[in-house]
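>>> Structure, please.
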Amino acid sequence: MNWIAVKSIYTFEMARFFRTITQSLISPVLSTSLYFVVFGAAIGSRIQEVEGISYGAFIVPGLIMLSVITQSISNASFGIYFPKFIGTVFELLSAPVNFIEIVCGYVGAAATKALFIGVIILITAFFFVDITIQHPFWMVTFLVLTCISFSLMGFIIGIWAGNFEQLQLVPLLIVTPLVFLGGSFYSISMLPPVWQVISHFNPVVYLISGFRWAFFGSADVPIVTSLFAIAGFTALCLAVIGWIFRTGWRIRQ
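Below is the predicted model:
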């Protein structure tokens, strides 16, 4: 394992994050704060509790997941796409660096950025609502696994994308709707029976449910199922990335 290569890629990506701190950090935190104001104050005044939890506190895990998933995909996809766009990816591929080290560098940096944003939003939430974390270990576990798994997905999107429009296509048209329909702002038990069944086909439901359980001890699906779901998704992404580097799909074109 060439740790110098991993460190170089990771350091470069993190430096880019801090160079654009307004866009990378301040913007998502401000956007999430607006969600707290609109949903927590305006709608929360009409919906007092959900499953015995104040509505303002109930939406916190969903808002954190929304930001973490979005930022993980965005950072990882842009991180690998830009070298493809300007042609420097060929220098990286010709260097004595294997695909594991490339993935560790780019995905590690993207996951770190998303984790950093998630923690900042969690701290921000304490200024708006009164929340407690019943299972802090599992909260951190779900947060880290989500950052890693969706950074892997973002890495795949960055390799697949042929232009900047395609880079935004999957997050905007697929991932964001899945997050909004995955119980970010409501419990799926509030839905009609038919829609509850349909919701179980949404993989994001398991992430948000498990993360919310870590906060409040209540979940829409069993916690073990949530863990298996995120572990399976991570394994699938790793398998796809392995296939991409074995075949050179979209990299050597």
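>>> okay, CA-based contacts and neighbour counts for the rest of this
Will do.
>>> for this protein, where's the lowest mean pLDDT among helices and strands?
Least confident helix or strand of the chain, by mean pLDDT, DSSP states H and E, is helix 21 with a mean of 75.
>>> Skip ahead from that one and say which helix or strand is next.
helix 27-35 (DSSP states H and E).
>>> packing partners for that next one?
Applying 3 or more Cα pairs under 8 Å, 6 or more residues apart in numbering; DSSP states H and E, one finds that helix 27-35 contacts helix 60-86, helix 99-125.
>>> Deepest in the core, which of those is it.
helix 60-86 (a mean of 24; mean count of other Cα atoms under 10 Å).
>>> and it, average pLDDT?
For helix 60-86, mean pLDDT rounds to 91.
>>> What ranges does this protein have for its helices?
3-19, 21, 27-35, 55-58, 60-86, 89-94, 99-125, 136-160, 164-170, 176-180, 193-199, 203-216, 223-247 (DSSP state H).
>>> Those: which one's closest to residue 186?
Residue 186 sits nearest to helix 55-58 of all those, at 8.0 Å, using Cα to Cα.
>>> Off-centre distance for that closest one?
With Cα atoms, centre = their mean, to the nearest Å as the basis, helix 55-58 stands 21 Å off its chain's centre.
>>> Quick one: residues in contact with that helix.
Here helix 55-58 makes contact (Cα atoms under 8 Å, 6 or more residues apart in numbering) with 36, 39-41, 44, 47-50, 129-131, 185-186, 212.
>>> What about these, which one has the most neighbours?
In terms of neighbours by other Cα atoms under 10 Å, the contacts of helix 55-58 top out with residue 212 at 27 neighbours.
>>> where's it relative to residue 69, distance?
Per Cα to Cα, to the nearest Å, residue 212 is found 15 Å from residue 69.
>>> What of residue 112?
According to Cα to Cα, residue 112 and residue 69 sit 12 Å apart.
>>> which residues are in contact with both of the two?
residue 147.
>>> Can you report how many residues neighbour residue 91?
Around residue 91 there are 9 other residues, counting by other Cα under 10 Å.
>>> list the contacts for it?
By Cα under 8 Å, 6+ apart, the contact set of residue 91 is empty.
>>> same deal with residue 204?
Counting by Cα under 8 Å, 6+ apart, residue 204 has contacts 178-179, 182.
>>> Give me the buried subset of those.
178-179, 182 (16 or more other Cα atoms under 10 Å).
>>> and the gap between the most centrally placed residue in the chain and residue 123?
By Cα atoms, centre = their mean, the chain has its centre lying nearest to residue 69, at 1.9 Å. Remark: distance between residue 69 and residue 123 (Cα to Cα) = 18 Å.
>>> farthest-separated two in the contacts of helix 55-58?
Across those (Cα to Cα), the longest gap, 19.8 Å, separates 41 and 212.
>>> what about the residue nearest to residue 24 when sequence neighbours are not counted, neighbour count?
Sequence neighbours aside, residue 17 is the residue nearest to residue 24 in space, at 6.2 Å (criterion: Cα to Cα, 6 or more residues apart in numbering). Counted with other Cα under 10 Å, residues neighbouring residue 17 total 18.
>>> swap in residue 225?
14.
>>> check contacts around it.
So residue 225 contacts residue 206 (Cα under 8 Å, 6+ apart).
>>> Look up how far residue 152 lies from it.
21 Å.
>>> Show the low-confidence segments of the stretch 1-150 of the chain, by residue range.
Applying pLDDT under 70 to the stretch 1-150 of the chain picks out residues 40-46.
>>> What ranges in the stretch 151-253 of the chain fall below the confidence cut-off?
Counting by pLDDT under 70, the stretch 151-253 of the chain has low-confidence residues at 252-253.
>>> No further questions, thank you.
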